[in-house]
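>>> have a look at this fold, sequence not included:
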């Protein structure tokens, strides 16, 4: 059985999810902007120290170390280079609990800590006194909050671009708890990386006592566990006996938008947080009653299998939709609104004019005509259920909407900056 998001609710549900994420992003950005300003106020050499941190991290990784900041010697050299006054034997606290500082100082005798320098300088009437510890903590907070705003902005982008594809309900006998949640949010679980869901869940830890009251006052949903839909899923399914779950997708080797440095650690932490599985059919029955999914014809398509670059397919969709040649959303299979022979004509016209250009550059042999393959050619984008194959439809003679179809191809050629103009069949 095919399942899909109800036409009259899916955009509304997805929009509500995005609105909550926008609230979170705005609050994090406010805090991030404030932290950045405060960091510059506290640390005059912030830019220089940040560059040193990046260089030191790269060097450390090459040498098998992953300490977060710079060594004491490099830190000291930078301040001397910028003409700061050195206060020798200022000392550093050996009982500091920060793991990164401990790594930096690992192997040093505690007596050496007492001889660590501080640096002092008068700038615009203010005396600044910096130590390795102080600089580390300021840089840590600066980087962390800058990156948090980026993480949420990427999540918003991914959710906006997510399809309405529910094919996983046909593929698996069990789904993960967070996949069930995404469906209730109007998002296809197939388009959201599981590590991003893990980070979203753990984001409550981003707000310590210094900032938590700001979030509480605004009633912002920080983690996906703050959503009502999550509580519904918990109540309905978590009491079930835990079942063996399918193995998480291999995360190694992926070009991942989130800056996760250790994929194995991220994957292990996901298991530790007790992801549980839900029987797919039980979830479907429950979601059907609530109206979050529907049975029937599925117009969904897998964007991961799309043959054409997104830029071209979005333009193709716009031109066809503007001329009312198709109905449906971009992320689903489009329903052709004219005779099937005109769809045949349109596909042959694309082939005649080698559109899209990037696709034909990869597959230059066009002597056999268009590629009618549903997964590798243009038919990937169209819903077609007729018995007669589209390639066997007759396109000669009178073609319905012929002028509109040719105008679409002309618009695509203009975008491709074709100097010769359209070639006709």
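It's in. For clarity, every value in this text was computed on a predicted model and none was experimentally measured. Numbers count the residues shown, from 1 in each chain.
>>> please enumerate the helices of the stretch 151-300 of the chain.
168-171, 177-184, 194-202, 212-218, 228-237, 263-272, 280-290 (DSSP state H, counting those that start in this stretch).
>>> dump those helices into JSON lines; add distance to residue 78 and mean neighbour count as well.
Any C-beta I mention is one placed from the backbone N, CA and C, and that applies to glycine too. Shown next, in JSON lines, are the helices of the stretch 151-300 of the chain (distance: least, Cβ to Cβ, whole Å; neighbours: other Cβ atoms under 10 Å):
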{"stretch": "helix 168-171", "distance to residue 78": "52", "mean neighbour count": "15"}
{"stretch": "helix 177-184", "distance to residue 78": "44", "mean neighbour count": "22"}
{"stretch": "helix 194-202", "distance to residue 78": "33", "mean neighbour count": "19"}
{"stretch": "helix 212-218", "distance to residue 78": "34", "mean neighbour count": "12"}
{"stretch": "helix 228-237", "distance to residue 78": "47", "mean neighbour count": "15"}
{"stretch": "helix 263-272", "distance to residue 78": "31", "mean neighbour count": "13"}
{"stretch": "helix 280-290", "distance to residue 78": "56", "mean neighbour count": "15"}
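>>> for those, which one sits closest to residue 338?
Closest to residue 338 of the helices of the stretch 151-300 of the chain is helix 168-171 (Cβ to Cβ; 30.1 Å).
>>> what's the weakest-modelled helix or strand in the protein?
When the helices and strands of the chain are scored by mean pLDDT, DSSP states H and E, helix 263-272 comes last with a mean of 49.
>>> separation between residue 86 and residue 290?
67 Å (Cβ to Cβ, to the nearest Å).
>>> okay, now the unreliable bits of the stretch 151-300 of the chain?
Counting by pLDDT under 70, the stretch 151-300 of the chain contains low-confidence ranges at 208-209, 239-274, 297-298.
>>> now do the same contact list for the closest residue to residue 86 other than its chain neighbours.
Of all residues not flanking residue 86 in the chain, residue 117 sits nearest, at 5.0 Å (Cβ to Cβ, 6 or more residues apart in numbering). Taking Cβ atoms under 8 Å, 6 or more residues apart in numbering, we find residue 117 in contact with 76, 86-90.
>>> and if you look at residue 127?
For residue 127, the contact set (Cβ under 8 Å, 6+ apart) comprises 120-121.
>>> for the stretch 51-200 of the chain, which segments count as strands?
Here the stretch 51-200 of the chain has its strands, by DSSP state E, counting those that start in this stretch, at 85-87, 118-123, 126-130, 174-176.
>>> the inter-axis angle of the longest one versus strand 126-130?
What it means is strand 118-123. 160 degrees (axes from the mean of the first three to the mean of the last three Cα atoms, to 10 degrees).
>>> and strand 118-123, average pLDDT?
Mean pLDDT, computed over strand 118-123, is 93.
>>> what does the first one give?
Taken as a whole, strand 85-87 has a mean pLDDT of 94.
>>> tell me which strands it pairs with, and in which orientation.
strand 118-123 (antiparallel) (DSSP bridges).
>>> just how off-centre is stretch 140-158 within its chain?
11 Å (Cα atoms, centre = their mean, to the nearest Å).
>>> can you list the buried residues in that stretch?
140-143, 145, 148-152, 155-156, 158 (16 or more other Cβ atoms under 10 Å).
>>> any chance of those residues in JSON lines, with distance to residue 379 too?
Below are the buried residues of stretch 140-158 laid out as JSON lines (distance: Cβ to Cβ, whole Å):
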{"residue": "140", "distance to residue 379": "53"}
{"residue": "141", "distance to residue 379": "53"}
{"residue": "142", "distance to residue 379": "51"}
{"residue": "143", "distance to residue 379": "48"}
{"residue": "145", "distance to residue 379": "47"}
{"residue": "148", "distance to residue 379": "43"}
{"residue": "149", "distance to residue 379": "41"}
{"residue": "150", "distance to residue 379": "38"}
{"residue": "151", "distance to residue 379": "37"}
{"residue": "152", "distance to residue 379": "37"}
{"residue": "155", "distance to residue 379": "33"}
{"residue": "156", "distance to residue 379": "32"}
{"residue": "158", "distance to residue 379": "27"}
